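Trainee: Provided below are the primary sequence and the corresponding predicted coordinates.
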Amino acid sequence: MRSDLLRIYAAGIAAVAPRRLIGRALAGELDPRIPVAVESAERIRILAVGKASVGMALAARERLGAKVLDTLVVTIAPPPVEDLGDLAAGDFSVITGAHPLPDASSVAAGRAALEFVARTRAGELLLLLLSGGASAMMAVPAPGIAITDKIALSSALMRAGASIGELNTVRKHLSAVKGGGLLCALNENATMLSLILSDVPGNDLATIGSGPAVADPTTFADAIAVLKRRKLWGRTPEAVRDRLERGAAHEIGETMKRDDPALQRSLSVVIGDNRTACDGAAEAASSMGYVVERWRDLSGPAETICRNLATHLSELDYGRTCVIAGGEPQVTVRGSGRGGRAQHCALLLATELAQRPSDAAIGALFAGTDGIDGPTDAAGAIVTASTMRRALEARLDAPGALARNDSYSLFQGLGDLIITGPTGTNVTDIFVGLVLGGEGRPVR
């Protein structure tokens, strides 16, 4: 069962591999407008930002060849020189930005990206390759805002349980690059094509990477409302409050809106998302003889999601069944332990399964598609109906681990962490549950 879980998860990751998706996109398989935009350009500049930036940029360079003038990649960690081959000595620049919170390197990366886009000339195409993590890696504070204030506010919003949409609503109104800011830097006689690997449920273009090249439907007033709703307004830095209040009073120009003429020269296409990964996982599970069920998206409080999943899995009593779901459960951080969203959900599921006896063998995993769950080296964790019993036998405090948000330590003690290293892609999380009903399969 453990081997099957990992094979199905790996198939999901393979389905959103940058090389595969970029190849399909540039061949016109995903949107016929993409090859038209490429072919009509005299020269192409590539800007790739996010966790999948290196793979996306290399794939695009390989497909577009001599038409590419230069390339700038913004990533978390630079790839080994040997991975770049001949590009290492050419017009292929790699710079780093921080994640999940921005820092000085993110500011430098953001400024470099703005300067790169501003170098476009008439007849050129700026190919923007965007993936998860871009919001933090490419950050340029708006005039009068310190990066330290942005970092503190982003951290406070995350700890308060803010959704990605809420977080980006605030960030876009404190930035010179988000909310269409990057597109504003483009030469008025050049065009932009954005190929996007989405890490946002629903694929809202204004939310992915905080929408650097699309219109922003949110306002300064919306940003203030988010901070007040999350009870952070009174603790918001004075410079931030001043900018947001001045913006709400129309003393500062808004982010890019739908009537901006620059949008007529820009095309944005999502080339892969969480559904793409789940489709790949489902295809693999079916080929392995499982009856596949597609569960609803993993949206909402983690506690509710795991309770419902545990109930569903424990009530399945037929054959070999694989339940697949994807998305981004909401986890409110209350402790200071080690762990990430996927590991926390796995431990929640284990506690729920322990309360629901079943004759079937049940195993499951929660894992991030980027291979990095929170500030750990694990992608996620595997659990079974016996995880809680095994934790007790090993004298590991599961309830305490949940309370401290310390799921990593518990799963490390049980040997149930999923360690893949960075996968080079990112489309949020995947859940895979296996139920072997009436087959007498042993489960750890």
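Mentor: That came through fine. Numbering: from 1, shown residues only.
Trainee: Can you give me the buried ones in stretch 161-179?
Mentor: Going by neighbour count (16 or more other C-beta atoms under 10 Å), the buried part of stretch 161-179 is 162-179. (Each C-beta comes from the backbone N, C-alpha and C, glycine too.)
Trainee: where do the strands sit along the chain?
Mentor: Using DSSP state E, the strands of the chain run over residues 43-49, 68-75, 92-96, 124-130, 191-197, 266-272, 291-294, 320-327, 361-368, 380-384, 417-418, 429-436.
Trainee: Kindly format the C-alpha coordinates of the second one as CSV.
Mentor: So the one you mean is strand 68-75. This file holds the C-alpha atoms of strand 68-75, laid out as CSV (Å, rounded to 0.1, in the frame of the first residue of the first chain):
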residue,chain,number,x,y,z
VAL,A,68,15.4,34.0,-27.8
LEU,A,69,17.4,37.2,-27.1
ASP,A,70,18.0,36.7,-23.4
THR,A,71,16.6,35.0,-20.3
LEU,A,72,16.2,35.9,-16.6
VAL,A,73,15.3,33.3,-14.1
VAL,A,74,14.2,34.1,-10.5
THR,A,75,14.2,31.0,-8.3
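Trainee: From here on, call the first residue 40.
Mentor: From this message on, residue numbering opens at 40, which makes the last subject strand 107-114.
Trainee: mean confidence for that strand?
Mentor: Average pLDDT, strand 107-114: 96.
Trainee: Just give me how far that strand sits from the chain centre.
Mentor: 21 Å (C-alpha atoms, centre = their mean, to the nearest Å).
Trainee: for the first one, same thing?
Mentor: Taking C-alpha atoms, centre = their mean, one finds the center of strand 82-88 at 21 Å from the center of the full chain.
Trainee: Against which helices or strands is that strand packed?
Mentor: Secondary-structure packing of strand 82-88 (3 or more C-beta pairs under 8 Å, 6 or more residues apart in numbering; DSSP states H and E): helix 92-103, strand 107-114, helix 143-157, strand 163-169.
Trainee: quick one, the shortest one and strand 230-236 angle?
Mentor: It stands for strand 163-169. 20 degrees (axes from the mean of the first three to the mean of the last three C-alpha atoms, to 10 degrees).
Trainee: what does strand 163-169 rub up against?
Mentor: Applying C-beta atoms under 8 Å, 6 or more residues apart in numbering, the contact partners of strand 163-169 are 61, 76-77, 79-89, 91-92, 95-96, 99, 103, 108, 156, 159, 221, 225-226, 229-236, 247-248, 251-252.
Trainee: do you know which of the strands of the chain lies nearest Thr187?
Mentor: Ranking the strands of the chain by their distance to Thr187 (criterion: C-beta to C-beta) puts strand 131-135 first, at 19.1 Å.
Trainee: most neighbours per residue, which of the strands of the chain?
Mentor: strand 419-423 (a mean of 29; mean count of other C-beta atoms under 10 Å).
Trainee: Domain ranges for this structure, per the record?
Mentor: 56-179+214-257+294-311, 313-475 (automatic domain parsing).
Trainee: so which of those comes closest to Ser194?
Mentor: domain 56-179+214-257+294-311 (5.9 Å).
Trainee: measure the closest one end to end?
Mentor: 9 Å (C-alpha to C-alpha, to the nearest Å).
Trainee: ditto for stretch 363-382
Mentor: Start-to-end, stretch 363-382 (C-alpha to C-alpha) is 17 Å.
Trainee: Name the residues of that stretch that are buried.
Mentor: 363-370, 376-382.
Trainee: Now, those that are in helices?
Mentor: Among these, the members falling in helices (DSSP state H) are 380-382.
Trainee: still on that earlier bit, keep only those of the buried residues of stretch 200-218 that are in helices.
Mentor: 203-211.
Trainee: Now distance to Arg304 and pLDDT too, for those, in JSON lines please.
Mentor: JSON lines is the format used below for these (distance: C-beta to C-beta, whole Å; pLDDT from 0 to 100):
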{"residue": "Ile203", "distance to Arg304": "27", "pLDDT": "77"}
{"residue": "Gly204", "distance to Arg304": "26", "pLDDT": "83"}
{"residue": "Glu205", "distance to Arg304": "30", "pLDDT": "91"}
{"residue": "Leu206", "distance to Arg304": "28", "pLDDT": "88"}
{"residue": "Asn207", "distance to Arg304": "23", "pLDDT": "87"}
{"residue": "Thr208", "distance to Arg304": "26", "pLDDT": "93"}
{"residue": "Val209", "distance to Arg304": "28", "pLDDT": "95"}
{"residue": "Arg210", "distance to Arg304": "25", "pLDDT": "91"}
{"residue": "Lys211", "distance to Arg304": "21", "pLDDT": "95"}
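Trainee: List just the nearest of these to Phe405.
Mentor: Closest to Phe405, out of all of those and judged by C-beta to C-beta, is Ile203, at 17.9 Å.
Trainee: pLDDT averaged over stretch 41-54, what's the number?
Mentor: 98.
Trainee: My error: substitute stretch 391-401 in the last question.
Mentor: Stretch 391-401 comes out at a mean pLDDT of 90.
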